[in-house]
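*Asks:* Build the 3D model from these lines:
(chains A, B and C)
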Amino acid sequence: MVDFSKELNEVQHNAVVDFNGPSLIIAGAGSGKTRVLTYRIAYLLSHGVNPRSALALTFTNKAAREMKERIGSLVGEQFSRRLWMGTFHSIFARILRTEAEYIGYKSSFTIYDTTDSKSVIKACIKELNLDDNVYKVGDVMGRISMAKNHLVQAKVYQNNHTLTAEDAATRKPRIADIYLLYEQKCKLSDAMDFDDLLLNTNILFRDHPEVLKKYQNMFKYILVDEYQDTNRAQYLIVKKLAETHHNVTVVGDDAQSIYAFRGARIENILNFRNDYPEYKEYKLEQNYRSTQTIVNAANSVIRYNSRQLQKNCFSDDEVGDKIAIIESYTDQEEAFLVASSISEAIYTKHADYNDFAILYRTNAQSRAMEDALRRKNIPYKIYGGLSFYQRAEVKDIMAYLRLSVNHDDDEAFKRVVNYPARGIGSTTMERLQYAASAASMSLWDAVTTLDFSETGVKPAAVKKLTEFTELIMSFTTQAFTTDAYDFALNVAQRSGMISVMREDKSPEGLGRLENLEELLNSIKEFSDTYQREEDEVDAVVSITEYLQDVALLTDADNEKPEDRNKVSLMTVHSAKGLEFTYVYVVGMEDNLFPGGGALMSPVDLEEERRLFYVALTRAEKKVTLSFSQTRYRWGNIVSNPPSRFLKEIDEEYLESSVFHRQIDDADDEEDDNNDDRQPIIRKPERTIIVRRPSLAKPHQPSSDFRPDDPSEIEVGMDIEHERFGFGKIEAVEGAGGERKAVVTFKEHGKKTLLLKFAKLKICR
DNA sequence: TCCGATCTATTTTTT
DNA sequence: ATAGATCGGA
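*Replies:* As a prediction, the model looks like this:
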């Protein structure tokens, strides 16, 4: 038995032991929230609560996995394994698969990711003959998502005057129609999008009281992490499930609510006391992560927000270093200074690379940082950005797998019907889609059941389509009885994907092949782990199980071991819940952080401020903030004033010398003799857009320009390039199709060119 | 039907 | 800067 009083302070201990009835745990940043949650669950289990009757909902898969591990090490893996612990999406996807028939889905339903959803919406807009300049896919999707989060289905939406009036006001009166068609198409494809997982769970519980009853009785204890980031649909699910036992524990920090933009309602945590008047409240206010300076500085910033739960966060740690501010002229210089600062800290403080994180507001900012780090030979890893699962080649093979399991998955069908090329072009697909839509059928059913003599699809095309469905059919016959890895490998080969990809010998093509391999490896890994967990040794782990799991994974969920000791680069959003010894927040400029849209709206600005609060409180020992006077954006140079958040930090927590120098700079040498200690940063309200300096006038090739045979190129030659002009060959490397030349051009500097493609004329 | 060249819109943030 | 979309030619 674990001694639960050890390692816990008094409030934490109470929050752990007192596990009956509704509890609100307000957990400031770094206050040991995860520890309390894990211990509380472990405590439950060690007091005879059946793990199957505890439901623990987290925000990320990673959080769930880590918590499960820790609980496992406290009370034994045989208990923790049986817990219902995971993200809202994964837990309720699981429940929906079990209960699918109640709401008219198959238990093998597909989960559409954002790309799939967008593609379907695009098709809807097209089918309704609407202008896609007026009906932007992203806007429409946002609107539909908002509706679903409020449990408004398409029919209801159409009849809701408030909603339709809003759409009319934005001159998009037909969003309701798009929504309806979208809903039909998803249903027809036996597919749910992310929001559907929550919406349909609500519908399931609403329309089938006996099912609701079953889960209400089953989940005697419900715990929700990051409660401040739940949306309305999630809130309602929790509320319903908790009705019988009222044993609901929510943990969160209103100051760290940063997902309002996707429907999270900070009210959920603010109003907990209204929902459960008999609730008990625990405030975890002592920060064990950061120095006093960091905690106090963060407090001084968050004070500017109006709506929040009262709490008094403090640290008993050392006072620590003040917050440093790095100022630079360009974003490249910013990156260079940050990288240098990291190098120096590693040297002087004997820190490891993984003690450092560079946080930014937008993913686009990572590039400059990467360049600088690479130049300084600092190893780094990037979170977010283009997810592994979003890569074209990964989506392609996944589409084959999905289609093999669910023939009605139209998105998968469209994706691979002509990849590798089978001579099924857009004309054929257009006709097929028209026919399918007219008959309210999936594309698959249209191919296999409709008579095409009247629909205009040419007999030759029909033959090709039939060959395609037969190919998939041959996969399907193995899909449920073959091991997931064997199956996927087989599909990759027999679909022709691998041979097509092998033909592409370019570096990118090679990378794609590697990605495919990596995916196959991860399927293998999945199959192996799952196998071990199943008690029957000979049970086959089929691809269906993999597909159901993978739809809700993000690349944060497969960390590679070789990435352990590296500097972390990520957005502030994805840093939530993490901690690092040294944190750099870059791009501290108005219009970037806080982001452009937020400067106008107080509500949005408060969310940005919470985001900044999150950023600051990631750090254990030291925070460094940086901003740049100019920055590349959309190929232009823009100039923004330093972030207003900088001046919201109490001056006493800043390395003032640096800060004051900046103020003088920003003050346009207005008052040189101003000894006032007020840290006022002047705010040019508008963004100054500096036109891009016209570096390179396009090169006019000589009249006799005619590329020479690339095999003649040798080091030292003077050459002319069609676009880059004149230059000198510095080096030649590689051979055959991979032969590359490093050229220094007069106007464009050093470039590496693949000789296979570069058209070079030798100047003799 | 396929491929490439040109044009365009795009930037918050993600389960 | 760049990826995706569109359009025209082979």
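*Asks:* which residues of the stretch 501-650 of chain A fall in helices?
*Replies:* For the stretch 501-650 of chain A, helices defined by DSSP state H, counting those that start in this stretch occupy the ranges A:507-533, A:543-550, A:572-575, A:602-616, A:644-648.
*Asks:* where are the low-confidence patches of chain A?
*Replies:* A:1-4, A:385-386, A:532-538, A:555-559, A:656-711, A:721-725, A:733-740, A:743, A:745-761, A:764 (pLDDT under 70).
*Asks:* For the residue of it found nearest DNA strand C, give me phi and psi.
*Replies:* Nearest residue of chain A to DNA strand C, counting by Cβ to the nearest atom of the strand: A:Gly635, 3.2 Å away. From N, CA and C alone the C-beta is placed, and that goes for glycine too. Here is the backbone geometry of A:Gly635 (degrees, to the nearest 10): phi 70, psi 0.
*Asks:* Take the helices of the stretch 501-650 of chain A and lay them out in TSV including mean neighbour count and distance to DNA strand C.
*Replies:* Formatted as TSV, those follow (neighbours: other Cβ atoms under 10 Å; distance: least, Cβ to the nearest atom of the strand, whole Å):
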stretch	mean neighbour count	distance to DNA strand C
helix A:507-533	15	10
helix A:543-550	20	20
helix A:572-575	21	20
helix A:602-616	21	23
helix A:644-648	20	27
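*Asks:* Could you work out which of the ones you listed reaches nearest to A:Ile203?
*Replies:* helix A:543-550 (20.0 Å; Cβ to Cβ).
*Asks:* ok, now which ones touch the nearest residue to A:Tyr179 once chain neighbours are set aside?
*Replies:* Residue nearest to A:Tyr179 in three dimensions, not counting chain neighbours: A:Ala154, with 4.4 Å by Cβ to Cβ, 6 or more residues apart in numbering. Going by Cβ atoms under 8 Å, 6 or more residues apart in numbering, A:Ala154 touches A:Ala147, A:Ala176, A:Tyr179, A:Leu180, A:Tyr182, A:Glu183.
*Asks:* Filter those down to the ones in helices?
*Replies:* Of the positions in the contacts of A:Ala154, A:Ala147, A:Ala176, A:Tyr179, A:Leu180, A:Tyr182, A:Glu183 sit in helices, assigned by DSSP state H.
*Asks:* can you pull the contacts of the first one?
*Replies:* Neighbour list for A:Ala147: A:Gln153, A:Ala154, A:Tyr157, A:Leu163, A:Tyr179 [criterion: Cβ under 8 Å, 6+ apart].
*Asks:* Check the second one too.
*Replies:* Listed by Cβ under 8 Å, 6+ apart, the contact partners of A:Ala176 are A:Ala154, A:Tyr157, A:Gln158, A:Leu163, A:Thr164, A:Asp167.
*Asks:* what about 10 Å?
*Replies:* By Cβ atoms under 10 Å, 6 or more residues apart in numbering, A:Ala176 lies in contact with A:143-144, A:147, A:154-160, A:163-164, A:167.
*Asks:* same deal with A:Lys524?
*Replies:* Residues in contact with A:Lys524 (Cβ under 10 Å, 6+ apart) are A:Asp483, A:Ala484, A:Tyr485, A:Asp486, A:Ala488, A:Leu489.
*Asks:* Tally up the residues packed near the closest residue to DNA strand B within the stretch 601-750 of chain A, please.
*Replies:* Nearest residue of the stretch 601-750 of chain A to DNA strand B (Cβ to the nearest atom of the strand) works out as A:Trp634 at 4.6 Å. When counting by other Cβ atoms under 10 Å, one arrives at 8 neighbours for A:Trp634.
*Asks:* how much space between it and A:Ala364?
*Replies:* 9 Å (Cβ to Cβ, to the nearest Å).
*Asks:* ditto for A:Asp410
*Replies:* Counting by Cβ to Cβ - A:Asp410 and A:Ala364 are separated by 32 Å.
*Asks:* again, but for A:Ser31
*Replies:* 33 Å.
*Asks:* These two - which one has more neighbours?
*Replies:* Per other Cβ under 10 Å, whichever of A:Ser31 and A:Ala364 has more neighbours is A:Ser31, with 27 against 14.
*Asks:* where does that one land in three-state SS?
*Replies:* coil (DSSP: H, G, I helix; E, B strand; the rest coil).
*Asks:* List the contacts of it.
*Replies:* Counting by Cβ under 10 Å, 6+ apart, A:Ser31 has contacts A:9, A:11-12, A:25, A:253, A:283-289, A:311, A:313-315, A:617.
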